[in-house]
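**Q** okay, structure incoming, though there's no sequence with it:
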């Protein structure tokens, strides 16, 4: 049976994706910074490994322990919503080190094996915020847009070598830790120019009305990318994501 390695499985999209692949009978390597097997179903097909995508040695060990991998799902990421003027340099670095360079490093770790076997699939989870200009998520958006660009170029490089590459773009979801992760980095509520914008953003995070993306939507999109050779390079995940992608053309 095939094997999938998924990063960021402690909650949200990664956790739901691991559950789906387990239910489908796959071998699942569920990775997270602080491993917790109790959040996933008990299964002989499940291996839980520590993996910090900002640590090259952690990536090397996880990929080595995983053995032959058929599908890599890069889901691990971190969010921050803060005006570009006010974002701390350390926060900007963390966003790119986690979202962009972490994704690059995990891809580089599996690609030699994929090339050798002339098979394999890489699925990178980014965001529909990359499809339109939005306030307060400029640096986060840039870190995810960079992954889109990397993935698009990698797809061209890998096509002659039998390796498929896809981007899954979720929309706004109440089932992720984005707002929790973003809160410590928040700046600007004491600034009269930015305060109304930030308060509006916080309200939108808490508003669960209208079309949304659910973790099951993202898991289904990842499953399609992993199992359908005809799947497009970019796959929207969630009702709002489908609308945004249609508007973006």
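**A** Received it, and whenever you're ready, just let me know what you need. All of these numbers come straight from a predicted model, not from anything done at the bench. Numbers count the residues shown, from 1 in each chain.
**Q** once you drop chain neighbours, what's closest to residue 103?
**A** Of all residues not flanking residue 103 in the chain, residue 74 sits nearest, at 4.6 Å (CB to CB, 6 or more residues apart in numbering). Glycine gets a C-beta too; all of them are placed from N, C-alpha and C.
**Q** roughly how far does the one you found sit from residue 208?
**A** When distance is defined by CB to CB, to the nearest Å, residue 74 is 27 Å away from residue 208.
**Q** quick check: mean pLDDT across the helix of greatest length in the chain?
**A** Within the chain, and with DSSP state H defining each element, the longest helix by residue count is helix 138-158. Averaging the model's pLDDT scores along helix 138-158 yields 98.
**Q** any buried residues in that helix, and which?
**A** Neighbour-count burial for helix 138-158, counted by 16 or more other CB atoms under 10 Å, picks out 138-148, 150-151, 154-155, 158.
**Q** ok, now stretch 102-119?
**A** 102, 103, 104, 105, 106, 107, 109, 110, 111, 114.
**Q** one more: stretch 83-95?
**A** Buried residues in stretch 83-95, counting neighbours by 16+ other CB under 10 Å, are found at 83, 87, 91, 92, 94, 95.
**Q** from the chain's centroid, how far away is stretch 240-249?
**A** Using CA atoms, centre = their mean, to the nearest Å, the mean C-alpha position of stretch 240-249 is found 18 Å from that of the whole chain.
**Q** apologies, that question was intended for stretch 24-34.
**A** With CA atoms, centre = their mean, you get 15 Å for stretch 24-34.
**Q** buried residues, that stretch. List them.
**A** Buried residues in stretch 24-34, counting neighbours by 16+ other CB under 10 Å, are found at 26, 27, 28, 29, 30, 31, 32.
**Q** so which of the residues you listed sit within helices?
**A** Per DSSP H, these never map to helices.
**Q** with respect to residue 58, which of these is nearest?
**A** Using CB to CB, the shortest approach to residue 58 within the buried residues of stretch 24-34 belongs to residue 31, at 9.0 Å.
**Q** now do that closest one, the pLDDT please.
**A** As predicted, residue 31 sits at a pLDDT of 98.
**Q** do residue 97 as well
**A** Looking at residue 97, its pLDDT is 98.
**Q** assumed it was part of a strand.
**A** No - checked against DSSP: H, G, I helix; E, B strand; the rest coil, residue 97 lies outside a strand; its state is helix.
**Q** what about the residue lying closest to it once chain neighbours are set aside, neighbour count?
**A** Computed as CB to CB, 6+ apart, the closest residue to residue 97 that is not its neighbour in sequence is residue 54, at 5.0 Å. Residue 54: 16 surrounding residues under other CB atoms under 10 Å.
**Q** quick one: residue 54 is in a strand?
**A** No - when classified by three-state DSSP, residue 54 is found to be coil rather than part of a strand.
**Q** from here on, call the first residue 386.
**A** Renumbered: residue one is now 386, and that last one reads residue 439.
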